[in-house]
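Chemist: whatever this is, show me its structure:
(3 chains)
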Amino acid sequence: MPILSLHSFSRAILHVDGDCFFASCEVAKNPALKGKCVVTGKERGIASSMSYEAKARGVTRAMRLSEIRKLIPEVIILPSDYETYSLYSQRMYAIVRRYTEAIEEYSIDECFADLTGMRRPNKMSYEQMAMKIKHELDMELGMTFSVGLSVNKVLAKAASKWRKPSGLTIIPGYNIHLYLAKLPVEKVWGIGSQTSAYIQKLLGEARGYSGAVTALQFASEQPEWVKLHFSKPFQEIHRELNGGFVYPLVIGEKNDYASISKTRTFTPPSSDREYVFAQLSKNIENACIKLRRHSLFTKRFAFFLKTQEFRYAGLEIKLSQAISAPQEIIRSVREKFSQVHRPGVLYRATGIVLMDLDHEDVRTADLFGDSNRIEKVQAVLQAVDSIDAKFGKHTVFLGSSWKAVNSQSHRGDRGEETERRAQLLRGETKRQRIGLPFLGKIDR
DNA sequence: TCTGGGGTCCTAGGACCC
DNA sequence: TCTGGGGTCCTAGGACCC
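Modeler: Residues are numbered from 1 along each chain as shown, chains lettered A, B, ... in the order given. Presented below is the predicted three-dimensional model:
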């Protein structure tokens, strides 16, 4: 099936992608870092983002920091600073919004914009808009962006990825096939390793293709054939590769969640029941902080333990009433914990997933005169949140998390004293921690 | 890449009901 | 109650993305 479109832009969809965004934000914030090997992710012990200088010297995503230090002794490793990144993110959205209100805030470093119909109001062509947006982003934010313009999201995404960093790629409808012919199918947004292996196998058998299958070869198959072999998401991708418009932009701020989860790996792995439970308890607390920040309540949640062999064991718990207090979750998890935890097994991580999230106003009224106590708990939690806001995250924590929180101060590859000195040099102060062991007493 | 953390959507299959 | 057919809801797990 030939890909042919008479129009250059049946729709004009723009995709904007910040180049190594976190590292670039750090450089924009502190220009003295310009031209240096900058890596973020210090608090995780692995690289989250790295400047192109660091990339050129062999740093890759998720590389261990100890390894990076060996590779580049003068490397600058910084902790992630999400407040700053989201500030730059907001400025990125604002610049694109000068040209259209139809913006999808896809992630902290990416957005889509629908420019369709904006040539007249903006008094310029789509190509000019893309150029001007890129220029303003680069100039005003002090970092570079890669920009793609095409007829839908899948192709706009392919376009922005085409040339990096600081690329501007425009794929009008009549040129789609030229790009897809040079694009390996696994590079298409939404086609991962499993599906590309499957496509490889199918097309190898049906068409006798050898070597890497291109996006064009997949796109050229008949829709009926695709329908026969693939699930809905891939039928949709197939249509977009052929220039169709399937995925509308999700306009506006992303605010609601279907689920909230917190997982943390701890080293070394442990079989100590109380310690593992404390890790889980800490995750539950953190998940609930996020829950409350968004004024949400949960009616269903699942906890799990991950063994040293990367096996998962977990349990789901359903509630009759939506809650947001960690103690209540911790209490019901404690009841079921021994059904999941096996003595002698080494665990490396714990996690909690909160589901069926509701907003406060949707919550059903409390009919059983429990409201007094619930209000008191709410008041305590509000106080906890404001203490955290003042003194830093997790200043206050539940007694059940003590073993986990306590172990944090022994972490790190440097001695405690050198770490403290380094913190003072960076102008940081050690957080004060206040345990509240009695917050967990709830009987219902 | 011996493997960090936070999300979303889709599908198949079972339970349950009429 | 042998049987049939259809609809809905829920759950587990897979796949993918940043």
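
Chemist: the spatially most central residue of chain A pairs with what?
Modeler: Nearest to the mean C-alpha position of chain A, counting by Cα atoms, centre = their mean, stands residue A:107 at 7.3 Å. When bridges are assigned using DSSP bridges, the partners listed for residue A:107 are residue A:110.

Chemist: pick out the residue in the stretch 1-150 of chain A sitting closest to DNA strand C.
Modeler: Checking the stretch 1-150 of chain A residue by residue against DNA strand C with Cβ to the nearest atom of the strand singles out residue A:107 as nearest, at 3.3 Å. Backbone N, C-alpha and C define where each C-beta goes, glycine included.

Chemist: gap between that residue and residue A:22?
Modeler: According to Cβ to Cβ, to the nearest Å, residue A:107 stands 12 Å off from residue A:22.

Chemist: okay, now the closest residue to residue A:130 other than its chain neighbours: neighbour count?
Modeler: By the measure of Cβ to Cβ, 6 or more residues apart in numbering, the closest residue to residue A:130 outside its immediate chain neighbours is residue A:149, 4.4 Å from it. For residue A:149, the neighbour count with other Cβ atoms under 10 Å is 28.

Chemist: hang on, residue A:149 packs against residue A:11?
Modeler: No. Using Cβ atoms under 8 Å, residue A:149 is not in contact with residue A:11; the gap is 10.6 Å.

Chemist: the stretch 251-400 of chain A: helices as residue ranges?
Modeler: For the stretch 251-400 of chain A, the helices defined by DSSP state H, counting those that start in this stretch occupy A:273-293, A:326-340, A:371-391.

Chemist: nearest to residue A:304, of the ones you listed?
Modeler: Judged by Cβ to Cβ, the one of the helices of the stretch 251-400 of chain A that comes nearest to residue A:304 is helix A:326-340, at 7.5 Å.

Chemist: tell me the helices and strands packed up against that closest one.
Modeler: Secondary-structure packing of helix A:326-340 (3 or more Cβ pairs under 8 Å, 6 or more residues apart in numbering; DSSP states H and E): helix A:273-293, strand A:296-307, strand A:312-323, strand A:347-359, strand A:396-398.

Chemist: who are the contact partners of the closest residue to DNA strand C within the stretch 101-250 of chain A?
Modeler: Using Cβ to the nearest atom of the strand, residue A:192 is the residue of the stretch 101-250 of chain A that sits closest to DNA strand C, at 2.3 Å. Residue A:192 makes contacts with residue A:186, as judged by Cβ atoms under 8 Å, 6 or more residues apart in numbering.

Chemist: quick check, pLDDT for it.
Modeler: At residue A:192 the predicted local confidence, pLDDT, stands at 95.

Chemist: equivalent analysis for residue A:376, please.
Modeler: 70.

Chemist: over to residue A:380?
Modeler: 76.

Chemist: what's the answer for residue A:423, then?
Modeler: 44.

Chemist: do the same with residue A:53
Modeler: Note for residue A:53: predicted pLDDT of 95.

Chemist: quick revisit: rebuild the helices and strands packed on helix A:326-340 as TSV, extending it with mean neighbour count.
Modeler: Formatted as TSV, the entries for those read as follows, by neighbours: other Cβ atoms under 10 Å:
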stretch	mean neighbour count
helix A:273-293	22
strand A:296-307	20
strand A:312-323	14
strand A:347-359	20
strand A:396-398	23
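
Chemist: looking at these, which is closest to DNA strand C?
Modeler: DNA strand C lies closest to strand A:312-323 among those, at 5.2 Å (Cβ to the nearest atom of the strand).

Chemist: summarise which helices and strands the closest one is packed against.
Modeler: Under the contact definition 3+ Cβ pairs under 8 Å, 6+ apart, strand A:312-323 sits against strand A:296-307, helix A:326-340, strand A:347-359.

Chemist: for residue A:156, find the nearest of the ones you listed.
Modeler: For these, distance to residue A:156 was read as Cβ to Cβ. The smallest value, 30.7 Å, belongs to strand A:347-359.

Chemist: excluding sequence neighbours, find me the nearest residue to residue A:11.
Modeler: residue A:116 (4.7 Å).

Chemist: ok, residue A:163 touching residue A:146?
Modeler: Yes. Assessed by Cβ under 8 Å, residue A:163 is found in contact with residue A:146 at 6.9 Å.

Chemist: comparing those two, which shows the higher neighbour count?
Modeler: residue A:146 (22 against 13).

Chemist: a strand runs through the more buried one, doesn't it?
Modeler: Yes. Membership of residue A:146 in a strand is supported by DSSP: H, G, I helix; E, B strand; the rest coil.

Chemist: where does pLDDT dip in the stretch 101-250 of chain A?
Modeler: Filtered on pLDDT under 70, the stretch 101-250 of chain A yields no residues whatsoever.

Chemist: what about the residue nearest to residue A:130, which SS state?
Modeler: Residue A:149 carries the three-state label strand when classified by three-state DSSP.

Chemist: for stretch A:110-127, give me every contacting residue.
Modeler: Residues outside stretch A:110-127 that contact it (Cβ under 8 Å, 6+ apart): A:9, A:11-18, A:92-93, A:96, A:99-100, A:102-106, A:129-130, A:132-133, A:149, A:153, A:156, A:170, A:249.

Chemist: one more time with 7 Å, if that's ok
Modeler: Around stretch A:110-127, the neighbours that count as contacts under Cβ atoms under 7 Å, 6 or more residues apart in numbering are A:9, A:11-17, A:92-93, A:96, A:99-100, A:102-106, A:129, A:149, A:153, A:156, A:170, A:249.

Chemist: those residues in strands, which ones?
Modeler: Using DSSP state E to define strands, the subset of those located there is A:13, A:14, A:15, A:16, A:17, A:103, A:104, A:105, A:106, A:149, A:170.

Chemist: make TSV out of these and add distance to residue A:72.
Modeler: Listed next are the ones in strands among the contacts of stretch A:110-127 as TSV, based on distance: Cβ to Cβ, whole Å:
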residue	distance to residue A:72
A:13	39
A:14	35
A:15	32
A:16	30
A:17	25
A:103	37
A:104	37
A:105	34
A:106	32
A:149	36
A:170	36
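
Chemist: which pair in those spans the largest distance?
Modeler: Among the ones in strands among the contacts of stretch A:110-127, the pair separated by the greatest distance (Cβ to Cβ) is A:105 and A:170, at 22.7 Å.

Chemist: circling back: list buried residues within the contacts of stretch A:110-127.
Modeler: Listed as buried from those are A:9, A:11-17, A:92-93, A:96, A:99-100, A:102-106, A:129, A:149, A:153, A:156, A:170, A:249; burial here means 16 or more other Cβ atoms under 10 Å.
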